[in-house]
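**Student:** 3D model of this:
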Amino acid sequence: MDSASLKIKRAEKHLEELAKLFKLKKPFWYYIETNFKTGQRATFAKRDEVVANDAAIIIGDIFHNLRSAIDHAYWDCTNAFAKSEGEKRSIQFPVTSTEEALVISVLPGLPSRVSNEFCTALTELKPYRESGDAMLCAIHDLNVLDKHKLLIPTGNFTRITSTILQKQIPDFPSGLTDCGAGNCHRDVAWNVKPMTWTQRRKAKIPASNIVAKELDVPVDIVLNDIDAVRPALEVLQELINTAKNTIDTLYVGANSAPKSPPP
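**Tutor:** Numbers count the residues shown, from 1 in each chain. Just a heads-up that it's a prediction; the model follows:
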């Protein structure tokens, strides 16, 4: 098996690991908190920092392996046509700002020495940010970003509605849709009748007078740096598929019109 395929396999293993982590542990919860002494109630989101950071490490590994897989395939297709060892060492799959930059700055160099078919294949991949393949560019850009900061997933709470919450909290305020809850301490707060000291003691309310309870609500795990709506696992699978397609396209282009490397 070639090195590009091995890198893809590793990315797939990391995705399986991430899916298992999310199944076993929740990075995000949604709670209701009641202060029985003051009568104030509030809902809020909470993030498990350990789980979120563990997920970020795995996500970074996925991006690293996908970017490396594409680079391995590109190097395999082009290294024999490099004019020097220095040029060979600098080979990497190109990602440009615009299509014009790709056509003017990249294609006339090493790709043109491989074959016209290879240049066409590279163009069809649209590896540029302006009107190009957003997912392909994301593999490059977020791999670079991960070198400087963790790609921490985010909880998407926007599917929460007052109807969903009222099934678990009868006194929750009505009329709320697409709450857009975040990781703040209080998203919605309201007042109910407080308990007397005797009532709190009989109900075994803790000394803090505050009780928090997790709610059963839809919380999606997303990657804001790519797609703030679709589930992270779905987006990461699409990125893996993009990398596979990129590698296949490069090899087809390089092999369509075999050409002897320069002497």
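**Student:** Surely residue 222 is in a strand?
**Tutor:** Yes - with DSSP: H, G, I helix; E, B strand; the rest coil as the criterion, residue 222 is part of a strand.
**Student:** Please report the distance of the residue of the chain positioned farthest from its centre from residue 145.
**Tutor:** Going by CA atoms, centre = their mean, the residue of the chain most distant from its centre is residue 198, 50.4 Å out. Distance, residue 198 to residue 145, using CB to CB, to the nearest Å: 57 Å. (Each C-beta comes from the backbone N, C-alpha and C, glycine too.)
**Student:** Poorly predicted segments of the chain, please.
**Tutor:** The model of the chain has pLDDT under 70 over residues 1, 175-186, 257-263.
**Student:** Try it again at 90.
**Tutor:** Where the chain drops to pLDDT under 90, the residues are 1, 44-46, 146-148, 150, 156-165, 171-192, 218, 225, 228, 256-263.
**Student:** Check it for its longest helix and report it.
**Tutor:** The longest helix of the chain (DSSP state H) is helix 49-78.
**Student:** Against which helices or strands is that one packed?
**Tutor:** For helix 49-78, the elements it packs on are helix 3-24, helix 110-114, helix 134-146, helix 232-256, judged by 3 or more CB pairs under 8 Å, 6 or more residues apart in numbering; DSSP states H and E.
**Student:** tell me which residues in the second one are buried?
**Tutor:** Residues of helix 110-114 classed as buried under the neighbour-count rule (16 or more other CB atoms under 10 Å) are 110-111, 113-114.
**Student:** next helix or strand past that helix?
**Tutor:** helix 116-125 (DSSP states H and E).
**Student:** Same check on the first one?
**Tutor:** Using DSSP H and E, the helix or strand that follows helix 3-24 in sequence is strand 28-35.
**Student:** Kindly export that next one (C-alpha atoms) in CSV.
**Tutor:** Provided in CSV are the C-alpha atoms of strand 28-35 (Å, rounded to 0.1, in the frame of the first residue of the first chain):
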residue,chain,number,x,y,z
PHE,A,28,-21.4,19.4,26.0
TRP,A,29,-24.5,19.5,28.3
TYR,A,30,-27.4,21.7,28.9
TYR,A,31,-28.6,22.3,32.4
ILE,A,32,-31.3,24.0,34.5
GLU,A,33,-30.2,25.6,37.7
THR,A,34,-32.6,26.6,40.5
ASN,A,35,-31.8,28.8,43.5
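**Student:** That strand: what's the following helix or strand?
**Tutor:** Per DSSP H and E, the helix or strand that comes after strand 28-35 is strand 40-47.
**Student:** Tell me the buried residues in that next one?
**Tutor:** 40-47.
**Student:** Stretch 4-18 now?
**Tutor:** 4, 7-8, 10-12, 14-15, 18.
**Student:** now do stretch 205-217
**Tutor:** Those would be 205, 215, 217, for stretch 205-217 by 16+ other CB under 10 Å.
**Student:** Looking at these, which one is closest to residue 86?
**Tutor:** residue 217 (56.8 Å; CB to CB).
**Student:** Could you check the angle the longest helix of the chain makes with helix 134-146?
**Tutor:** 120 degrees (axes from the mean of the first three to the mean of the last three CA atoms, to 10 degrees).
**Student:** quick one on the thing from earlier: for whichever strand or helix holds the residue farthest from the centre of the chain, buried residues please.
**Tutor:** Using DSSP H and E, residue 198 maps to helix 197-202. Neighbour counts over helix 197-202 (16+ other CB under 10 Å) mark residue 200 as buried.
**Student:** No more questions from me, cheers.
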